[in-house]
Each structure stands twice: as C-alpha cells, then as structure tokens.
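Undergrad: I'll drop the sequence and a predicted model, then ask my questions.
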Amino acid sequence: MEKNNSLNDLMRSTLDRVREMADVNTIVGKPITTPDGVTLIPISRVSFGFGSGGGSYGKTSDGFAGGGAAGVKIDPVAFLTIRDGVTRVLPVAMPAMNTVDRIVDAVPDVVTKVENFFVNRREQNAPESETDTD
C-alpha cells in the first residue's frame, strides 16, 4: 500500500509541474497594446508529455524506487490583432503547404472582402436611389 502511495505522489508531483509550465496564459498570452492603438494577443501551441514509474526492490517491503520526467514545447502560432474593432489573425508559422491549409488561411480575408463589398455597394446604391426618384 505504501509503495502505491509513493508512485501516486510521484505522478501527482510530475503533473503539477506540467500544469505550472503549460497554463492557459501560455496558450493565449496577455494582450499587448502598441502606441498606435493596435492590440496584439499572442497565440501559442503547447505540447507536453510526462512519464512516471516506480517499483519495489529488494526483499523488504520498504524498498521503493521511482522516477518521473516531463517536457513542454511551446511554439508561437499567431497573433490576434485588433485595430478599430476589427480582429485579424496574423500567422507566425510558415505559409500553408497544401490546398486545405491555404483555404483555411484565406477564409478571414475572404470574409472581410465580402463584407467590404456589401458595405461599399450599399453606400453606392443609397445616393443613386435618391437621385432616381427625383
């Protein structure tokens, strides 16, 4: 029973250290505001792993040996940029390599262009409709 508790304590300690290294603030960083009013929010990809193990040794029940290890890898992925209420994603990673990646990367720009198209069209049609009724 004592050996089992030692192994549990070892695993719990290892996991606590991983939690310290990889919390939510590591994935979505604290906002940074530039002098010109742009807010940047760093986004990272976090990968982690851990391993623990132990066992009894010798002829007595008091002998226990154990070990644990953990690793965390943090890769910057993108920045969310906020300017004048408009949010954009600024990727840090390499450009998309396949068609699906390129489509996913292009979606925010396409949505913005479509929105701008309809706003411009609405603005252009408003004065025309007033002049047509004269």
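TA: Perfect, thanks for sending it.
Undergrad: got the buried residues for stretch 120-128?
TA: Within stretch 120-128, no residue is scored as buried using 16 or more other CB atoms under 10 Å. In short, each C-beta sits where N, CA and C put it, glycine included.
Undergrad: the chain should start at 707 in everything you say after this.
TA: I'll keep to 707 as the first residue from here, and by that count the last item is stretch 826-834.
Undergrad: domain ranges for this structure?
TA: 707-799, 800-840 (automatic domain parsing).
Undergrad: please identify the most buried of those domains.
TA: domain 707-799 (a mean of 13; mean count of other CB atoms under 10 Å).
Undergrad: packing partners of the strand ranked longest in the chain?
TA: The longest strand of the chain (DSSP state E) is strand 770-789. When contacts are defined as 3 or more CB pairs under 8 Å, 6 or more residues apart in numbering; DSSP states H and E, strand 770-789 packs onto helix 708-727, strand 745-762, strand 792-797.
Undergrad: give the pairing partners of it; include direction for each.
TA: strand 745-762 (antiparallel), strand 792-797 (antiparallel) (DSSP bridges).
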